[in-house]
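Peer 1: below is the sequence, then the predicted model.
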Amino acid sequence: MYKINDNILYGSHGICTISDITEQNFGGEKKKYYLLHPHNSISVLLSLAEIGRIS
């Protein structure tokens, strides 16, 4: 598991900094998400459950 202020490489968004780890409720199901801030773009919300599926 990553932590706040870690830098990761995320697909077409490139290098991102994790600015927060939050819990969101979408479709009646709570999941944890990383709030990503790409170094060259907008913010991205990424489900922690999906992190293992990203190549």
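Peer 2: Perfect, thanks for sending it.
Peer 1: three-state assignment of I42?
Peer 2: coil (DSSP: H, G, I helix; E, B strand; the rest coil).
Peer 1: start the count at 241, not 1, going forward
Peer 2: In the new count, where the first residue is 241, that last one comes out as I282.
Peer 1: what is the neighbour count of it?
Peer 2: Residues lying near I282 (other Cβ atoms under 10 Å) number 8. All C-beta atoms are positioned from the backbone trio N, CA, C, and that covers glycine.
Peer 1: and the helix or strand where K272 lies, which residues are buried?
Peer 2: Taking DSSP states H and E as the criterion, K272 maps to strand 269-278. Buried residues in strand 269-278, counted by 16 or more other Cβ atoms under 10 Å: 273-276.
Peer 1: mind listing the strands it pairs with, and their directions?
Peer 2: strand 254-266 (antiparallel), strand 284-287 (antiparallel) (DSSP bridges).
Peer 1: can you put the ones you listed in a markdown table and add distance to N245 and mean pLDDT?
Peer 2: As requested, the strands paired with strand 269-278 are exported to a markdown table (distance: least, Cβ to Cβ, whole Å; pLDDT from 0 to 100):
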| stretch | distance to N245 | mean pLDDT |
| --- | --- | --- |
| strand 254-266 | 6 | 93 |
| strand 284-287 | 15 | 78 |
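Peer 1: wait, D246 sits on C256?
Peer 2: No: with contact defined as Cβ atoms under 8 Å, D246 does not count as touching C256 (9.3 Å).
Peer 1: who has more neighbours out of the two?
Peer 2: More crowded of D246 and C256, by other Cβ under 10 Å: C256, with 23 against 11.
Peer 1: sounds good, over and out.
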